[in-house]
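Participant: Quick one, fold the following:
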Amino acid sequence: MRKPLGYLHALLILSLMFFCPVSNAAVTWQVENGKLIGAKDVQVGTSTYDVAFVDGSCNSLFAGCDPATFVFKSFDGAHAASIALHDSVLVGIYDTDPALTAGCSHYLDCAIYTPYNTATRWGNEEAISSVIINFPGDRIDASNMYGMKFFWSDTTSEPRTVFAIWSVASNVPEPNMALMLCVGFLCLASWRHRAIFGHR
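Facilitator: Modelled structure (predicted):
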């Protein structure tokens, strides 16, 4: 009788693994007056961030253009954030119509800058940024290639550019109750099996 019960035990575990959900925070779009002003719970690598699209200068938005205020400190990090914007935020109508993103009002494109360093150029302190350029319709969006530097000091008067201001996500996901129950059932099944058959 041991072997059939062993099969039943394995089947129970596989069934629970199949039906138990995996917790994964979904992106929440922030919309105001029809404009996408940002998003919450954006996955960048192994971390989750909130992002806001804000017009202004590097000085006004980042405490005097201080690199210490940038969430991402390298091109790789900023570039990963730009790709995350493309993959999980600029989707649906916000992908096909660039003018629906806050800070952008031009039909041609919307360039979103994620700063990671600064430099002085022509007497101005400017942000060195990764950029994702959102084109309308089905056109393929563009992101800067490795090693390219995009300088920008002020987006206020530019209808096709905006800064992305990132912060660590404020919403910490609650434990998934269904997942916890499934783990409990798995532990109970394992305990029952050992209680009946012992360690052999």
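Participant: C-alpha only now, for contacts and for neighbours.
Facilitator: Fine.
Participant: Strands along this structure, start to end?
Facilitator: Assigned strands in the chain, in chain order: 28-32, 35-44, 47-54, 110-121, 124-134, 142-143, 150-152, 161-168 (criterion: DSSP state E).
Participant: Go ahead and name everything in contact with the second one.
Facilitator: So the one you mean is strand 35-44. Strand 35-44 has contacts (Cα atoms under 8 Å, 6 or more residues apart in numbering) with 25-31, 48-54, 80-81, 84-85, 88-89, 94, 100-102, 169, 171.
Participant: Only whichever of those are buried, select them in ChimeraX.
Facilitator: Here is the ChimeraX command that picks out the buried ones among these, judged by 16 or more other Cα atoms under 10 Å:
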select :27,29,48,49,50,51,52,53,54,80,81,84,85,88,89,94,100,101,102,169
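Participant: low-scoring stretches of the chain, by residue?
Facilitator: 1-25, 140, 144-152, 171-200 (pLDDT under 70).
Participant: Save the strands of the chain as JSON lines, and put in distance to residue 64 too.
Facilitator: Shown next, in JSON lines, are the strands of the chain (distance: least, Cα to Cα, whole Å):
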{"stretch": "strand 28-32", "distance to residue 64": "27"}
{"stretch": "strand 35-44", "distance to residue 64": "22"}
{"stretch": "strand 47-54", "distance to residue 64": "16"}
{"stretch": "strand 110-121", "distance to residue 64": "11"}
{"stretch": "strand 124-134", "distance to residue 64": "9"}
{"stretch": "strand 142-143", "distance to residue 64": "26"}
{"stretch": "strand 150-152", "distance to residue 64": "14"}
{"stretch": "strand 161-168", "distance to residue 64": "14"}
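Participant: Quick one: closest of the ones you listed to residue 73.
Facilitator: When the strands of the chain are ranked by proximity to residue 73, the top entry is strand 110-121, at 4.8 Å, counting by Cα to Cα.
Participant: and the angle for the closest one with strand 47-54?
Facilitator: Counting by axes from the mean of the first three to the mean of the last three Cα atoms, to 10 degrees, strand 110-121 points 90 degrees away from the direction of strand 47-54.
Participant: Listing partners with orientation, what would you give for strand 110-121?
Facilitator: Taking DSSP bridges as the criterion, strand 110-121 forms sheet pairs with strand 124-134 (antiparallel), strand 161-168 (parallel).
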